[in-house]
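> Could you work out the structure for the sequence below:
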Amino acid sequence: MEMAIRHQKNMKNVKLTIGILCTALVTFQACKKDPAGNSGGGGTTTPTTVGTGVGTGPGGSIVAGTDPSVATTQGFFLDNWKAKTFTTPTSQSLSKPSADASTTVVVDLSQITTKVSNYIFGNNSNPFMGQIVDQAPLMSHITALSPNIIRAPGGSLSDVYFFNADGSITPAPSDAPSTLLDLNGTASAAGYWFGQNTQSWTLSIDNYYKMLQQTNSTGLITVNYGYARYGTSAHPDQVAAHLAADWVRYDKGRTTYWEVGNENYGNWEAGYRIDVSQNKDGQPAIINGTIYGTHFKVFADSMRAAAAEKGYNIKIGIVLTTTNDVANNAGVSNWNHDVLTAEGNSADFFVVHNYYTPYGQNSNPSIILSTPAPATSTMMTWVKTSAQNAGATLKPVVMDEWNIQAVGSSQQVSNIAGLHAVMTLGETLKNQISMASRWDLANGWNGGDDMGMFNIGDEPSVTKWNPRPAFYYMHYFEKYFGDRMVSSSVNGSSDIFSYASTFSSGQAGVVLVNQGSTAQKVNIQFNNYAIGANYYYYELTGGSDNPPFSHNVIINGNGPASGQTGGPSNFDSIAAIAAPVAGGITVIVPAYGAVYLVADKK
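Numbering: from 1, shown residues only. Here you go, the predicted model:
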């Protein structure tokens, strides 16, 4: 999705005309449903005594969970799974709420949903961030965020991106036309981007690699597919595939994950419509799934051959739609079926994007927070159905762009966007997706309609690279969610969502989200767990500014400095709230807030 909302910044004369997003996403806003428990597997029994909950084995013994088989939709993205150790945080003791809550969350450690991939916390870079490797505050923030995987070069810009040119000494190839057509056939300047451009306002490909190194991240690269459509050579697909293979060679084994093009079904993409008078291999004016799927095989063959020359192992993803595309009014109909039929199982993984909320709508919190559960589930059902209908083999699924597209009230830079991020991470795990990247690290203010996680420098009176609320919510999820998701269920409230986990070091925890406008008292019960003496938690919620879309995050009572947005600068050293397990585990989840809780093991 590369709407105007995504590229509020001028982007240095990019002049791709952007279409309107498929309205299928609009249907998700009405799909609110009560929370349900996670799926999981069974296990063996070990006689012992449980703390706050019950053992479900013979005689009340604890049932130990068993890891489920790796789902096809996860596949090799779990190959590098890492065990996590919980470190007890510095804590402060506060009065524990009374245990008279009407809402109860039950966590069952015997039911393991999935191992947690390190790659679900990913993010997206883009070329208009500038040469950011010398920006110490931003590098520190990204490192703290721990995305583990960062995509480049940047959404729709990928389809007008020449990694090996600088735009001056080395211009775009001679067979790349100076103008491109929009969906209506109107020509305008191509606005190419260049990976060897070292000017301050853009991010060179070499500095992208340096950013990955500085932030302990790995890469995901989108190669220029649009060139296979608008190129004027005798065989533009082969020329574009050769360019992609040259990038694989230039990469020198640093990047495992690659994809061919960005949202190429969409009428906002370069190459959606081409000038057939300049095309020399008989391609149609409007792209279709068969063309893309056929071209994908050419790209994949060239890229794999380049990798094999040096003994590199790469995985290549193919672009699919997120929702039913039988009548896609924002692009090509029947895309998934035709792509998967034509590509002949040559892809290593499937790529989808999800912007959850209705496009261009001034959505309220209820609409925004009602989307993660149904939209993620529906998306995965559609992808699985697409593969089945095409007779194709199901592959791992990557959601390498996601966010909300609500506008008009600073929703994208708000506390609500942070809560939505928490729920999206949780639903991603529940639906057995093991690689996801949020859009994006930095974008442009545009009156608060800014999907960037960090202030690129144009938010009024706010420090450059200041984190937005979603940063804090995702940071705490990455830090206090374990390495296995386990089952949890909510009784007594449709506003509370729960996402539970265990650490390999033995502790168990749960993340609670309150999507309602009033605080909720919640009792938490851990079943099949030999619980210890204490539990620790953090409360995150918005401030009193710009209700209900606060630009601030309050963490255990600590907020941002006066005049700033986002959260406290000492976010990583704030003391947790500690309380004894004796008498039960009870917390108050703030209105439009979240609680990250971990309980000691015995």
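> A406 against Y359, yeah?
No - contact between A406 and Y359 fails when scored by C-beta atoms under 8 Å: they sit 9.1 Å apart. Every residue, glycine included, has its C-beta placed from N, CA and C.
> okay, the two: which has more neighbours?
A406 (31 against 18; other C-beta atoms under 10 Å).
> gap between T143 and S573?
Counting by C-beta to C-beta, to the nearest Å, the separation of T143 from S573 is 15 Å.
> How about R151?
Where S573 is concerned, R151 sits at a distance of 30 Å (C-beta to C-beta).
> more neighbours, the two?
Just comparing R151 and S573: by other C-beta under 10 Å the higher neighbour count belongs to R151, 29 against 10.
> which residues sit in contact with that one?
122-125, 219-222, 400-401, 437 (C-beta atoms under 8 Å, 6 or more residues apart in numbering).
> Shouldn't it be within a helix?
No - looking at R151 with DSSP: H, G, I helix; E, B strand; the rest coil, it is strand, so not inside a helix.
> Mind listing the strands the biggest strand by length in the chain pairs with, and their directions?
The longest strand of the chain (DSSP state E) is strand 103-115. Here strand 103-115 has these sheet partners by DSSP bridges: strand 484-491 (antiparallel), strand 520-527 (parallel).
> Next secondary structure after the first one?
Under the assignment DSSP states H and E, the closest C-terminal helix or strand after strand 484-491 is strand 496-502.
> ok now that following strand, how far from the chain's centre?
Remark: strand 496-502 is offset 18 Å from the chain centroid, using C-alpha atoms, centre = their mean, to the nearest Å.
> max-length helix in the chain?
Determined from DSSP state H, the single longest helix within the chain is helix 289-310.
> What average pLDDT does that one get?
Helix 289-310 shows a mean pLDDT of 98.
> Which strands or helices does it pack on?
Packing partners of helix 289-310 (3 or more C-beta pairs under 8 Å, 6 or more residues apart in numbering; DSSP states H and E): helix 227-230, helix 236-251, strand 257-260, strand 315-319, helix 335-343.
> Adding mean pLDDT, write those out as TSV.
Shown next, in TSV, are the helices and strands packed on helix 289-310 (pLDDT from 0 to 100):
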stretch	mean pLDDT
helix 227-230	98
helix 236-251	98
strand 257-260	98
strand 315-319	98
helix 335-343	97
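> Which residue ranges make up the domains of the protein?
4-30+118-480, 43-116+481-601 (automatic domain parsing).
> Please work out which of those domains is packed deepest.
domain 4-30+118-480 (a mean of 21; mean count of other C-beta atoms under 10 Å).
> chain center to it: distance?
Using C-alpha atoms, centre = their mean, the offset of domain 4-30+118-480 from its chain centre is 11 Å.
> if I pick G506, what's in contact with it?
86, 601.
> nope, S204 is what I meant
S204 neighbours (C-beta under 8 Å, 6+ apart): 131, 195-198.
> One more pass at 6 Å, please.
The neighbourhood of S204, defined by C-beta atoms under 6 Å, 6 or more residues apart in numbering, consists of T198.
> how close does it get to L109?
As judged by C-beta to C-beta, S204 and L109 stand 48 Å apart.
> now swap in F477 and tell me
In terms of C-beta to C-beta, F477 sits 19 Å off from L109.
> again with N164
Following C-beta to C-beta, the distance that separates N164 from L109 is 52 Å.
> Can you show me the helices along the stretch 401-550 of the chain?
In the stretch 401-550 of the chain, helices defined by DSSP state H, counting those that start in this stretch lie at 415-430, 469-480, listed in chain order.
> Of those helices, which is nearest V260?
helix 415-430 (22.9 Å; C-beta to C-beta).
> orientation of that closest one relative to strand 103-115 in degrees?
Orientation of helix 415-430 against strand 103-115 (axes from the mean of the first three to the mean of the last three C-alpha atoms, to 10 degrees) gives an angle of 50 degrees.
> Quick one: mean pLDDT over helix 415-430.
On average, helix 415-430 scores 98.
> now stretch 552-563
Rounded mean pLDDT across stretch 552-563 is 95.
> Begin at 70 from now on, thanks
With the count now opening at 70, the last piece we talked about shows up as stretch 621-632.
> And for that stretch, what's in contact with it?
484, 538, 541, 607-610, 612, 614, 635-637, 640, 643.
> picking that back up, would you list the helices of the stretch 470-619 of the chain in TSV and tack on distance to N524?
Shown next, in TSV, are these (distance: least, C-beta to C-beta, whole Å):
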stretch	distance to N524
helix 484-499	14
helix 538-549	11
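> Export stretch 281-296 to CSV, keeping only CA atoms.
What follows is stretch 281-296, C-alpha atoms only, in CSV (Å, rounded to 0.1, in the frame of the first residue of the first chain):
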residue,chain,number,x,y,z
LEU,A,281,21.6,-3.2,9.7
GLN,A,282,25.0,-3.8,11.2
GLN,A,283,24.7,-1.0,13.8
THR,A,284,21.3,-2.1,15.0
ASN,A,285,21.9,-5.9,15.0
SER,A,286,19.4,-6.5,12.3
THR,A,287,19.2,-8.5,9.1
GLY,A,288,17.8,-7.4,5.8
LEU,A,289,14.8,-8.0,3.5
ILE,A,290,15.3,-6.6,0.0
THR,A,291,12.6,-5.8,-2.5
VAL,A,292,14.0,-5.8,-6.1
ASN,A,293,12.7,-3.7,-8.9
TYR,A,294,10.0,-5.6,-10.7
GLY,A,295,8.4,-2.6,-12.4
TYR,A,296,11.4,-2.4,-14.7
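> Can you list the neighbours in contact with that stretch?
With contacts defined as C-beta under 6 Å, 6+ apart, stretch 281-296 is touched by 208, 211-212, 216-221, 227-228, 230, 309, 313, 324, 326-331, 333, 339-340.
> The same query, at a cut-off of 7 Å, please.
If you take C-beta atoms under 7 Å, 6 or more residues apart in numbering as the criterion, stretch 281-296 is touched by 202, 208, 211-212, 216-222, 227-231, 245, 305, 309, 312-313, 316, 323-324, 326-331, 333, 338-340, 469, 506.
> Next: stretch 486-494.
With C-beta under 7 Å, 6+ apart as the criterion, stretch 486-494 contacts 189, 437-438, 441, 471, 473, 480, 507, 538-539, 541-543, 546, 566, 580, 582, 584, 622, 661, 663.
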